[in-house]
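Engineer: what follows is a predicted structure for the sequence shown.
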Amino acid sequence: MLEMRKDIFADERDDNLNVIGKGLQRQDMPGHVTGRTRYFDDHAFDGMLHLKVVRSPHAHARIRSIDIAAAQRAPGVKRVLRGADVPVNKNTLLSLINFGKDDEPSLAVDKVSYKGEPVVAIIADSEAAALAARQLVRIDYDLLPNVFDVEEALKPGAPVVNETYPGNYFEYHQRYDHQKLRFGDVEKAFAQADMVLEHRYQMSPIEHAPTETNGSIAAPEQNGRFVVHSCAQGLFFALGTAAKIVDVESNRLHFIGGTVGGGFGGKVDALTEPLAVLGAMLTGKPVRFVLDREEEMLYGSPRGAERIYVKDGLMRDGRIVARSIRSYFDAGAYTRLSSYAAIKCTAHLPGPYWIPNVASDVYVAYTNRCPSTAMRGFGVTAVDFALEVQMDRLAEAANLDPMEFRVLNAYRDGDMKAHRRVAKNTALIECVQVVAEKANWPLSEQAKRQSSLTGGVGERALIPATPLDQRGQIGRPDTRNAPSSQVLPAGTARIPLSKQPVMEGDRDGRAKPTQVPRYESAQPIAALPPYQPAQTSNPPAPAYQPPPAYQPSPPPPAPPPAAPAQTQHGAVRFSSVFGTRRR
Amino acid sequence: MAKIPVQFRLNGSDRAAFVDAPETLLNTLRRGLGDFAPKYGCGQGTCGVCTVLVDGEPQLACLTLSVACEGREIETASGMADGPDLHPLQAAFMDHFAAQCGFCTPGMLTAARALLAKNPNPSRDEVVEGISGNICRCTGYEPIIAAILAAASAPGARRA
Amino acid sequence: MARHEGRGMASVNYPIGMNLGGDPSQALIHSNPDGKFTVALSAIDLGQGMKQVSRQIAAETLGVPIEDVYVDTADSDTGPHDMGSFASRGTHRMGNAIIVAAREARGVLLEAAAEELEVNAADLVTDGRGNIHVRGAPSKTITVKATAQAAQFKQGKTIAGRGIFLIPLSAVDADTGEMNPNTAFAHACLVADVTVDDETGEVEVLRMTSAYELGRVINPRMVEQQLVGGAWMGMSHALYETPEPYYPNPEHGPRDFNEYLMPGPGDIAPYHVTVLERPAPDGPFGGKGPGEMCANPVLPAVANAVYNAIGVRVDELPITPEKILRGIKANGGVKPGPRRGGPVNWR
């Protein structure tokens, strides 16, 4: 049951629109209900071959030998592929945006790092023939010690999961074994807090479990081109990945997709496209590579587990004065997209609250399990679980109602966030107020009067003085627990506000350069008395101040300056997806 | 392996195919006869996206041998509409926005069709039971249940 | 042996789009000679409704009826580059690219109409029903169809538009974590009512009540689809799903849908959503994107409701009957928390 509250934030919207905001029928619905919608596998090809992979039965082992002779002679088998047959047999997905090092083979060569890692691919007339030949491949392994726990993996002497990252951590900025966030002085604030609460949270891995499993069909087209019917969540992402691995120019690949039987993040990794294309190139025939349900369940890359330690400093009146987080993303054996999730997680901290002192250390750790990848809420779902259960604990410790506690600590327009940008367009308080009413959860009159539009002023709008540390510096194990080495003065910003979304074209005329509004400091708002939780005496109701009107298209200002060259991130520039090959 | 001829009616038309002995009806429909409405979801009979009607009974095409369908009446979601006229269940699924990715929809519609053929006025619990063999990862089931209940009370719902 | 009722809540926000930018989307729009528009994309619809969202944004911007717009996606030969459907970026990024393309196409459309009507293009408006007329003078009018025919066969104009939306890639500071992440955030608060059986350890979600602030709602029926399906997934994550039940021990994992547990149609809970709209300054018509966040508040709200019901904190997901019973045992029995509020005020 869905109810619209058009009255809230009404003066920030122009609701006089023709089709936006209308519950019109989906364009794809007639196809869905008649069974005519075509997914990647709903395409017929004459003489289609089927590809199946031989997977490692071990979580960690050196490959001593691979014998494919018997499989090659098996009935119906057209081709058997090993790692040496893959033109560029090492890749990392985010190399398309120049982030991270190539660390994952399409077919393992020297060693396997997780149970289920593909080692050999068999292409045959039928699925049954490919499955039968799979039994004939002989691979000799020498077992290696393995590690499954993220914190164990980061200890000195742990088995090396991924030789590209021998410390079992993703390297950030070529300098640290984790991504840092430092805002204010959490240690000082903990010392001054009335209470300090620290708890450990563990998010489970999750299987995406789309009803359609991962797969693709690649077929010779014409002019040396190949058509690929793909389930990818990013069509050009899969095309770029396949082009790189198979080592062809992007215009030799014709990807068709866009209609996918559920993804939830599990179809970003281009799990099947590169080998299907390679198979089609080597055999000159259509090649279909589809995961069966057991493969999807066990080796289709899950949402990664995350372990999160949350430590909060709390005052008796319910204000959170410090939050420190240590978090471990379980990447499994290869990076895939975990390195990105850790950054997204860092930006999300400390959650939708204003806290004057925040620090976090987010690690991406390699373990001997199937590489994890994006899933719905990537980088946020697990930490939201941790933060919101922690908030429940804090409310109880402060003897406050959980809703009142959220309103008291909620972020508002004008607040300085921990990543040193000003909050705008916030609406947490209003969501709490509306739910309290619908759920019949009593809220104090004061809490009902609060607004996201006001209150983000004074100390809340400032960057505090911040001690920095060199903890976790790569190559210097002694720095893992190093003390503070520098203090950034209050107000210090180190990255210019360079992000200016660029758009071409204006509202009603021909294309001309313009911009969408910039995300930056809020307009100053008159100081208001701070919100006091319900038990104390009532302060006067805050004066309502109308917000700036929503302007979908402002007048065109000067063209934006080019983004300055950045060197800290590794992802120094976005070349076109095919512009840069890293090998 | 010698191919075995098999004939059955598919959505009202006589069709024939040569199949291998262990070939599933799902494979014959999709790869042999070009009816892509039944989907592959698990091959183990656990997800329901391949659900078809065999002589009016809901069956999992991934577990049904094609050779066992000789002379039978097979119906899939492709055959539900009468030309441009949608079956009341199809119309109700549209009205209730009961599909997102759409991959489970053909099987879900077929399971619902079998339910309504036997029980034209099912209770909510009976609808839940009727689709309990069909997995949907997108919708949370509520709009599907609502659509089936609405279709049951719509005129023409008892059309097979 | 009893069933204990409990109530918990959580509030969250969610960033829209790849969080450091660098994720472009492109769109191409062109018209047939009779004024029917095709939007060519390489965006992906994995059920979230990308095609229909794109169609509504294009129709609104072009100023033509929704029936006159068709979205063609995804073919890499015809649809220009797009990063993909993930990170809640589809509506925000692609929506903006479509607006840019549609504005350009609309500009040519109005110029062609101006030439036919012998007026200034700046004085023309569309009525959203297939007509173009002079502002304030509805009788001075021409149809979109006649305009498109004139543009194609008489004037030699292409009614077409190109659009791209890119938030340039930005950096992260190594020492402070300072960065320019997302420009738009959506918000939510959710209350879960549960019962916990202290004999079997089973948790039943009785109902959920939520409020979501999503910027401009492009299509409320599709928002409802996302939020209802997402809440189901959140409940599933909280109480059922895991491929590694004894993580980090990798053993005892499920291989199929018989072993991988998810709530079925008989396990779902009544759900009431209220939607608020605070437009994102840089969103398409202020739109954000509800696709990913809709599971997030359910996990902690259910965990907090379980604690409220029986006094057991389960800090490792999923909250299985085994963990509930072990928790009750460790606590020396059930310790219910305070009752919170009364019956829900759903309409």
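Structural biologist: Perfect, I can see it now. Numbers count the residues shown, from 1 in each chain, chains lettered A, B, ... in the order given.

Engineer: who does the helix or strand residue B:143 falls within touch, helix- and strand-wise?
Structural biologist: Residue B:143 belongs to helix B:142-152 when assigned by DSSP states H and E. For helix B:142-152, the elements it packs on are helix B:88-95, helix B:105-118, helix B:124-130, helix C:220-239, judged by 3 or more CB pairs under 8 Å, 6 or more residues apart in numbering or on different chains; DSSP states H and E. Any C-beta I mention is one placed from the backbone N, CA and C, and that applies to glycine too.

Engineer: can you list these in a markdown table and add mean pLDDT and mean neighbour count?
Structural biologist: What follows is the helices and strands packed on helix B:142-152, written out as a markdown table (pLDDT from 0 to 100; neighbours: other CB atoms under 10 Å in any protein chain shown):
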| stretch | mean pLDDT | mean neighbour count |
| --- | --- | --- |
| helix B:88-95 | 98 | 23 |
| helix B:105-118 | 98 | 25 |
| helix B:124-130 | 98 | 17 |
| helix C:220-239 | 98 | 25 |
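
Engineer: in a markdown table: these, plus distance to chain A.
Structural biologist: Compiled in a markdown table, the helices and strands packed on helix B:142-152 are given as follows (distance: least, CB to the nearest CB, whole Å):
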| stretch | distance to chain A |
| --- | --- |
| helix B:88-95 | 4 |
| helix B:105-118 | 4 |
| helix B:124-130 | 15 |
| helix C:220-239 | 4 |
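
Engineer: now distance to residue C:131 too, for those helices, in a markdown table please.
Structural biologist: Converted to a markdown table, the helices and strands packed on helix B:142-152 look like this (distance: least, CB to CB, whole Å):
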| stretch | distance to residue C:131 |
| --- | --- |
| helix B:88-95 | 29 |
| helix B:105-118 | 37 |
| helix B:124-130 | 46 |
| helix C:220-239 | 27 |
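
Engineer: out of the ones you listed, which is closest to residue A:383?
Structural biologist: helix C:220-239 (13.7 Å; CB to CB).

Engineer: CA atoms only: put that closest one into CSV for me.
Structural biologist: Presented in CSV, the C-alpha positions along helix C:220-239 are these (Å, rounded to 0.1, in the frame of the first residue of the first chain):
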residue,chain,number,x,y,z
PRO,C,220,4.4,6.0,-8.3
ARG,C,221,3.3,2.5,-9.4
MET,C,222,6.9,1.5,-10.2
VAL,C,223,8.1,3.1,-7.0
GLU,C,224,5.7,0.9,-5.2
GLN,C,225,7.0,-2.1,-7.0
GLN,C,226,10.5,-1.4,-5.9
LEU,C,227,9.7,-0.6,-2.3
VAL,C,228,7.5,-3.6,-1.8
GLY,C,229,9.9,-6.0,-3.5
GLY,C,230,12.8,-4.4,-1.7
ALA,C,231,11.2,-4.7,1.7
TRP,C,232,10.6,-8.4,1.0
MET,C,233,14.3,-8.8,0.1
GLY,C,234,15.3,-6.9,3.3
MET,C,235,13.1,-9.3,5.4
SER,C,236,14.8,-12.2,3.5
HIS,C,237,18.3,-10.9,4.3
ALA,C,238,17.4,-10.3,7.9
LEU,C,239,15.8,-13.7,8.7
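
Engineer: chain C contacts on chain B?
Structural biologist: Within chain B, the residues that sit near chain C (CB under 8 Å from any CB of the partner chain) are B:42, B:44, B:46-47, B:97, B:100-103, B:125, B:127-129, B:131-132, B:135, B:137-145.
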